[in-house]
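Asker: A structural model of the following input is requested.
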Amino acid sequence: MIKYFAILYFAISLLSCGEKNKDEVLDMSDITPSSGRNYDTVAAKIDTIDYGFNSAVANELGLNLSSIHFYEDPLFPDRFNPRTTKKLVLMQEMDSTFYCQWSYRDSVATKNAFYNWIDCFGERCKSIKMYERTNLQKENFVLFMSDTAIIYISSSKLLKYADWQTYFEKTYKIEDWKLIMHQGVRAKTNWGKIEKGKYIENSTAVK
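Answerer: Next comes the predicted model:
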């Protein structure tokens with residue numbers, strides 16, 4: 001009888017160790033870079049968690065991610081019943097990039113969310129008219145809008161809308177955008193659109 005319980009205890013211990021090792025693969029601390037860690041290994045571990053973000057393409061464009069984190073706090077566009085929401089903090093060694101993506105049921109819902117947002121934009125709840133050139137926030141930002149989606153990217157690091165345009169082409173096969181807003185630090189907002197992969201400044205496509 002003692003021998004039977006010893007064998008049973010040993011089997012349970014092996015199963016417990018197996019479950020522990022399985023959980024550790026998804027531990028966020030595993031994808032945080034440390035000194036001497038191989039970057040390819042870090043990138044591979046990032047991809048084991050489905051963030052819905054193409055880190056491979058982003059790194060091709062020079063983003064060089066060290067880790068990704070979900071962002072849970074509510075933001076203004078969340079108020080307008082998006083079909084899907086994606087809010088991420090993309091970590092680099094010295095900087096971070098805030099990436100948000102909202103998908104709405106149709107163009108009417110998308111425009112409604114956008115127009116309400118520019119009536120109260122950012123921490124200062126600043127109101128802005130369409131195509132008005134003003135400074136809306138301290139950090140750099142780029143905003144893309146299609147018929148059914150709004151994508152907002154913000155960072156203290158320089159953001160090039162052309163790089164993100166390439167990201168969306170490679171990841172989603174999207175070449176056209178109804179509206180683009182982009183602003184640098186201490187600069188004014190620029191407006192445009194993209195048609196067939198070509199950027200056109202001061203678009204009047206959204207009415």
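Asker: hmm, residue 99 is touching residue 155, no?
Answerer: No: contact criterion Cβ atoms under 8 Å: residue 99 and residue 155 do not qualify, at 9.1 Å. Yep, even glycine has a C-beta here, placed from its N, CA and C like the rest.
Asker: more neighbours: which of these two?
Answerer: Using other Cβ atoms under 10 Å, the more surrounded residue of residue 99 and residue 155 is residue 99, with 22 against 19.
Asker: can you tell me the SS state at that one?
Answerer: Under DSSP: H, G, I helix; E, B strand; the rest coil, the three-state class of residue 99 is strand.
Asker: so what's it bridging to?
Answerer: Beta bridges link residue 99 to residue 88, residue 153 when assigned by DSSP bridges.
Asker: how about the contacts made by it?
Answerer: Contacts of residue 99 were listed using Cβ atoms under 8 Å, 6 or more residues apart in numbering, and they are 53, 86, 87, 88, 89, 90, 151, 152, 153.
Asker: read off the pLDDT value for it.
Answerer: Residue 99 carries a pLDDT score of 97 in this model.
Asker: same question, the one 4 residues further on
Answerer: The per-residue pLDDT reported for residue 103 equals 97.
Asker: distance check, the closest residue to it other than its chain neighbours against residue 105.
Answerer: Counting by Cβ to Cβ, 6 or more residues apart in numbering, residue 84 is the residue found nearest to residue 103 once chain neighbours are left out, at 4.4 Å. The spacing between residue 84 and residue 105, counted by Cβ to Cβ, to the nearest Å, is 10 Å.
Asker: returning to what we had before: neighbours around the residue nearest to residue 103, how many?
Answerer: 10.
Asker: I'd say it and residue 104 touch.
Answerer: No: here residue 84 lies out of contact with residue 104, judged by Cβ under 8 Å, at a distance of 9.1 Å.
Asker: quick check: ChimeraX command selecting the buried ones in the contacts of residue 99.
Answerer: In ChimeraX syntax, the buried subset of the contacts of residue 99 is picked out as below (16 or more other Cβ atoms under 10 Å):
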select :53,86,87,88,90,151,152,153
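Asker: dump the contacts of residue 99 to CSV, plus distance to residue 174.
Answerer: Supplementary listing: the contacts of residue 99 in CSV, determined by distance: Cβ to Cβ, whole Å:
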residue, distance to residue 174
53, 15
86, 15
87, 20
88, 18
89, 23
90, 19
151, 10
152, 16
153, 15
